[in-house]
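J.: give the three-dimensional model of this entry:
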Amino acid sequence: MLAEILGMVKHHEEWRGQECLNLIPSENIMSPTVRSLLSSDLAHRYTSRERFYMGTKFLDEIELYGEEIAKTVFRAETADLRPLSGHVADWIFLSTFTSPNDKILCVSPDDGGYPGMGEKGLATLLSLRVIGFPFSKEKMNIKVSEAVNVVLRERPNVAVFGASFFLFPHPVQEIANVAREVGAVIGYDGSHVLGLIAGKEFQLPFKEGVNILVGSTHKTFFGPQGGIILADKEHGERMKEKIEPMFVDNAHWNRVAALTLACAEMKKFGQEYAKQVIQNAKKIAKTLAEHNFSVACAELSFTESHQVLLSYGNYEKGLEIARKLEDVNIIVDCGGRLGTCEVTRRGMKEGEMEQIAEFIGRVVIDKEETEKVKKDVEKFVRDFNRIEYCFKT
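T.: Coordinates of the predicted model:
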């Protein structure tokens, strides 16, 4: 039994960690030091706001230190590292500022919005009425004038920017000013672009009028899997009062320590990293278009984020292509998204993006023999097994 379990993990790490190109936009890779903190003694420990548990003085120091770094990185007045996921952070946010039958305005899942917030997710759990932002799939963005009209007509209690398919900054400032006039709390689910926001290369939600920024910490942000809440003082303090014990009991302090160090890495290296992520996304998009792929938003230079969107036409076609690419150790999702966050963290730049696009073209367009492409991918990946944009120990 021991050998089987250890063997399965070893096989996964050798394959996904050393032999594959990962282009899933919702994944990243931690630095060795951040990763090591997940197996520290903190993984065994509890703490609580009521000081029920003794022996927590260093855990408490870590939490406060992490909050201070996060506030600096995101230019926020409050920070909380306790949410166990981006979804839990959304849950805390919506639960604090809505009541049953309230209206929330967000990007519909049909337009690339996060399904966990919509009618099949938190909206139903909390008995909320969902209104979708008017959205242009051609420009992959919210339609400003139509959205302003919706805000004035529907008077939502909460307006939430952000999406799962997220190519361009949302028009936050133009809509937030009107949403504030009707009394809406303005949120931003930055799960996908949190590392780009931290690196000051996407948009600055608080400067543009957002009250609350929530997100996952393992997509463009290169921390452990988990969540985070950033906010202004008024809204942040209201959420802090509710988090424990309503939403989080044990915050997994090994994760909090790892996230704290990842925040420090982002403070030091974030802008350089974020800029390269976006440059890589633009390059792979342009090269794929030159290889006769249908890439969304060509007239808008394809993307301003870590994501590139291929227009497959339907999920079944996306699944077929994803399986073909997996056969040659190129890992993608079935929605047509490609992400450059992990390959950038491994030190790849524009030249490597051209090579990756060529690999994809050989599989999908040229229908080249699988084993030959797979060997070339494995050889290519071997040169990029060091993690960049981190402290060297």
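J.: could you pull out the strands for the protein?
T.: 21-22, 78-80, 103-106, 129-132, 135-136, 141-142, 158-161, 185-189, 212-216, 227-231, 307-309, 330-331, 337-339 (DSSP state E).
J.: how about CSV for these, with mean neighbour count and mean pLDDT added?
T.: Backbone N, C-alpha and C define where each C-beta goes, glycine included. Formatted as CSV, the entries for the strands of the chain read as follows, by neighbours: other C-beta atoms under 10 Å; pLDDT from 0 to 100:
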stretch, mean neighbour count, mean pLDDT
strand 21-22, 22, 98
strand 78-80, 22, 98
strand 103-106, 23, 98
strand 129-132, 18, 97
strand 135-136, 16, 98
strand 141-142, 23, 98
strand 158-161, 26, 98
strand 185-189, 26, 98
strand 212-216, 28, 98
strand 227-231, 28, 98
strand 307-309, 29, 98
strand 330-331, 20, 98
strand 337-339, 26, 97
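J.: Throw the ones you listed into JSON lines and include distance to residue 86, thanks.
T.: Compiled in JSON lines, the strands of the chain are given as follows (distance: least, C-beta to C-beta, whole Å):
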{"stretch": "strand 21-22", "distance to residue 86": "19"}
{"stretch": "strand 78-80", "distance to residue 86": "13"}
{"stretch": "strand 103-106", "distance to residue 86": "14"}
{"stretch": "strand 129-132", "distance to residue 86": "18"}
{"stretch": "strand 135-136", "distance to residue 86": "21"}
{"stretch": "strand 141-142", "distance to residue 86": "20"}
{"stretch": "strand 158-161", "distance to residue 86": "12"}
{"stretch": "strand 185-189", "distance to residue 86": "7"}
{"stretch": "strand 212-216", "distance to residue 86": "3"}
{"stretch": "strand 227-231", "distance to residue 86": "5"}
{"stretch": "strand 307-309", "distance to residue 86": "16"}
{"stretch": "strand 330-331", "distance to residue 86": "21"}
{"stretch": "strand 337-339", "distance to residue 86": "16"}
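J.: residues near the closest residue in space to residue 193 that isn't next to it in sequence, how many?
T.: Excluding its sequence neighbours, the residue lying closest to residue 193 (C-beta to C-beta, 6 or more residues apart in numbering) is residue 202, at 5.1 Å. For residue 202, the count of nearby residues is 25 (other C-beta atoms under 10 Å).
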